[in-house]
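Engineer: Sequence first, predicted coordinates after that:
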2 protein chains.
Amino acid sequence: MPNHSPIDAAFAALADPTRRAVVERLGRGPASVSTLAADHPIALPSFMQHLRQLESAGLIRSEKQGRVRTCTLSPQALTAVETWIIQRRRDWEARLGRLGAYLDQLEDPNV
Amino acid sequence: MPNHSPIDAAFAALADPTRRAVVERLGRGPASVSTLAADHPIALPSFMQHLRQLESAGLIRSEKQGRVRTCTLSPQALTAVETWIIQRRRDWEARLGRLGAYLDQLEDPNV
DNA sequence: AAGACACTTAGCAAATTACCTAAGTATTTG
DNA sequence: CAAATACTTAGGTAATTTGCTAAGTGTCTT
């Protein structure tokens, strides 16, 4: 089952080091396509595909003025991913808490 | 260029809804392969591939006793992902802070 | 107006992924 | 010990992804 939901697209987009590097770079401010591409040893059309994937995942936006397309980070999609992960941590810690309480009770059955 | 680093594998593993569902389920406690598989409408060998991918990404562990393989969440890999995302949020917020300070100080658009 | 610049489009090849069915291997269980 | 259970292995197909080159399309710059 390929990626259908927005969060699938966000995780998939972040699974590639080139794309994560773009997100890291844009976290420090907007940049043009060619500025971003300069850091990566791949052909420009290949690099543009990565940008398209990031944009369709909602992780970045871009706008063209004249012949230059400027890209910006779009943090809401990152927040969705962050929220999912934090929820997992919560579940995990809640379970550890219950397990600890249970073990405490076994050790000390009647207080 | 496919996944080389551990964090690539973790993001890629989480990009699939079946695999995320397994992580969610294991957050509430360990479970056997067939228990996990019961929630998903795919053939068992296909499901096992997902488990293998989760395990090789370090997101879960599993151990076989008798004929039953029990899977557990392995939270460190999730922490690595969480750390990456939180760092991006920090960068973003630091930049907003600098931008705000700059705008407060005076005008002049552009970056 | 000519050429440089910054992308864009088109089309193609190799590698990966996500499924499947069929047939195996160990372990219980009756 | 035979049958059921719980995976496992083997092998195959279709779709997706990631990369490329070559050839556009608009927009400055000179």
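Structural biologist: Good, I have the coordinates. Numbers count the residues shown, from 1 in each chain, chains lettered A, B, ... in the order given.

Engineer: list the contacts for A:Gln53?
Structural biologist: Applying CB atoms under 8 Å, 6 or more residues apart in numbering or on different chains, we find A:Gln53 in contact with A:9, A:12-13, A:19. For glycine as for every other residue, the C-beta is placed from the backbone atoms N, C-alpha and C.

Engineer: what do you get for A:Asp91?
Structural biologist: Contact analysis of A:Asp91 by CB under 8 Å, 6+ apart lists B:24, B:27-28.

Engineer: That one - that's part of a strand, no?
Structural biologist: No: according to DSSP: H, G, I helix; E, B strand; the rest coil, A:Asp91 belongs to no strand; its state is helix.

Engineer: buried ones in the host helix or strand of A:Gln105?
Structural biologist: A:Gln105 is part of helix A:75-107 when elements are defined by DSSP states H and E. Buried residues in helix A:75-107, counted by 16 or more other CB atoms under 10 Å in any protein chain shown: A:75, A:77-78, A:80-82, A:84-85, A:88, A:91-92, A:95.

Engineer: Buried members of the contacts of A:Asp91 into PyMOL, please.
Structural biologist: Selection of buried members from the contacts of A:Asp91 for PyMOL, criterion 16+ other CB under 10 Å:
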select buried, chain B and resi 27
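
Engineer: circling back: can I get the buried residues of helix A:75-107 in JSON lines with pLDDT and distance to DNA strand D?
Structural biologist: What follows is the buried residues of helix A:75-107, written out as JSON lines (pLDDT from 0 to 100; distance: CB to the nearest atom of the strand, whole Å):
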{"residue": "A:Pro75", "pLDDT": "94", "distance to DNA strand D": "22"}
{"residue": "A:Ala77", "pLDDT": "94", "distance to DNA strand D": "16"}
{"residue": "A:Leu78", "pLDDT": "95", "distance to DNA strand D": "18"}
{"residue": "A:Ala80", "pLDDT": "95", "distance to DNA strand D": "18"}
{"residue": "A:Val81", "pLDDT": "97", "distance to DNA strand D": "17"}
{"residue": "A:Glu82", "pLDDT": "97", "distance to DNA strand D": "21"}
{"residue": "A:Trp84", "pLDDT": "97", "distance to DNA strand D": "19"}
{"residue": "A:Ile85", "pLDDT": "97", "distance to DNA strand D": "21"}
{"residue": "A:Arg88", "pLDDT": "96", "distance to DNA strand D": "23"}
{"residue": "A:Asp91", "pLDDT": "94", "distance to DNA strand D": "22"}
{"residue": "A:Trp92", "pLDDT": "93", "distance to DNA strand D": "22"}
{"residue": "A:Arg95", "pLDDT": "88", "distance to DNA strand D": "21"}
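
Engineer: that older thread, keep only those of the contacts of A:Asp91 that are in helices.
Structural biologist: If you go by DSSP state H, the contacts of A:Asp91 have B:Glu24 in helices.

Engineer: Alongside chain B, which residues does chain A contribute?
Structural biologist: Counting by CB under 8 Å from any CB of the partner chain, the residues of chain A lying close to chain B are A:1, A:3-5, A:7-8, A:11-12, A:14-18, A:20, A:23-24, A:27-30, A:73, A:75, A:78-79, A:81-82, A:84-86, A:88-89, A:91-92, A:95.
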